[in-house]
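**Student:** Provided below are the primary sequence and the corresponding predicted coordinates.
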Amino acid sequence: MGSIDKVKLTTGKILKAMRVRFGLTQKEVAHAIGISVSNLSALENDKRNIGAELAGRFSVIYGVRVERLLFPNGLKDLKGYKRLEKLKNKLLEAA
């Protein structure tokens, strides 16, 4: 596998990459989303968490799933994921 597979994605990296991909300025995106440019910059630099509402707005503009922005490396990176999987399996067995 290539070195890109070792890069940990972040919400900020995705937001910035999408904005650049579409040739938009921070001012244009911030205005469309309804936030300040400084707020967008903080999001793109991972200095602020996105939250569900903003993730929804970005997902509409950029055409990406909300989950991609909220969990950029997938659900398996959640704290306690393995414990939750075990509990899920236990519940399925009991059903």
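**Tutor:** Yes, it's here. Note that the structure is predicted; figures quoted are calculated from it, not measured.
**Student:** right, and residue 19 touches residue 29 too?
**Tutor:** Yes: Residue 19 lies in contact with residue 29 (CB atoms under 8 Å); the separation is 5.3 Å. Yep, even glycine has a C-beta here, placed from its N, CA and C like the rest.
**Student:** which of these two has more neighbours?
**Tutor:** More crowded of residue 19 and residue 29, by other CB atoms under 10 Å: residue 29, with 23 against 20.
**Student:** Look up how far residue 7 lies from that one.
**Tutor:** Remark: distance between residue 29 and residue 7 (CB to CB, to the nearest Å) = 23 Å.
**Student:** Near residue 87, how many other residues are there?
**Tutor:** By other CB under 10 Å, the residues close to residue 87 number 11.
**Student:** Please apply the same query to residue 55.
**Tutor:** Using other CB under 10 Å, residue 55 is surrounded by 22 other residues.
**Student:** just residue 38 next, same as before
**Tutor:** 11.
**Student:** What helix or strand is it located in?
**Tutor:** Using DSSP states H and E, the element containing residue 38 is helix 37-44.
**Student:** Quick one: mean pLDDT for the lengthiest helix in the chain?
**Tutor:** Secondary structure of the chain per DSSP state H: the longest helix is helix 81-94. Mean per-residue pLDDT for helix 81-94: 93.
**Student:** Quick check: which helices or strands does it pack against?
**Tutor:** Judged by 3 or more CB pairs under 8 Å, 6 or more residues apart in numbering; DSSP states H and E, helix 81-94 has no packing partners among the helices and strands.
**Student:** quick one: contacts of that helix?
**Tutor:** 75, 78 (CB atoms under 8 Å, 6 or more residues apart in numbering).
**Student:** Let's see it as PDB, backbone CA atoms only.
**Tutor:** Output of helix 81-94 as PDB, limited to C-alpha atoms (Å, rounded to 0.1, in the frame of the first residue of the first chain):
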ATOM      1  CA  TYR A  81     -15.200   0.600  19.200                       C
ATOM      2  CA  LYS A  82     -14.100  -3.000  20.000                       C
ATOM      3  CA  ARG A  83     -16.100  -3.000  23.200                       C
ATOM      4  CA  LEU A  84     -19.200  -1.700  21.400                       C
ATOM      5  CA  GLU A  85     -18.800  -4.400  18.700                       C
ATOM      6  CA  LYS A  86     -18.600  -7.100  21.400                       C
ATOM      7  CA  LEU A  87     -21.800  -5.800  23.000                       C
ATOM      8  CA  LYS A  88     -23.500  -5.600  19.700                       C
ATOM      9  CA  ASN A  89     -22.600  -9.300  19.000                       C
ATOM     10  CA  LYS A  90     -23.800 -10.200  22.400                       C
ATOM     11  CA  LEU A  91     -27.200  -8.500  21.900                       C
ATOM     12  CA  LEU A  92     -27.600 -10.200  18.500                       C
ATOM     13  CA  GLU A  93     -26.900 -13.600  20.000                       C
ATOM     14  CA  ALA A  94     -29.600 -12.900  22.700                       C
END
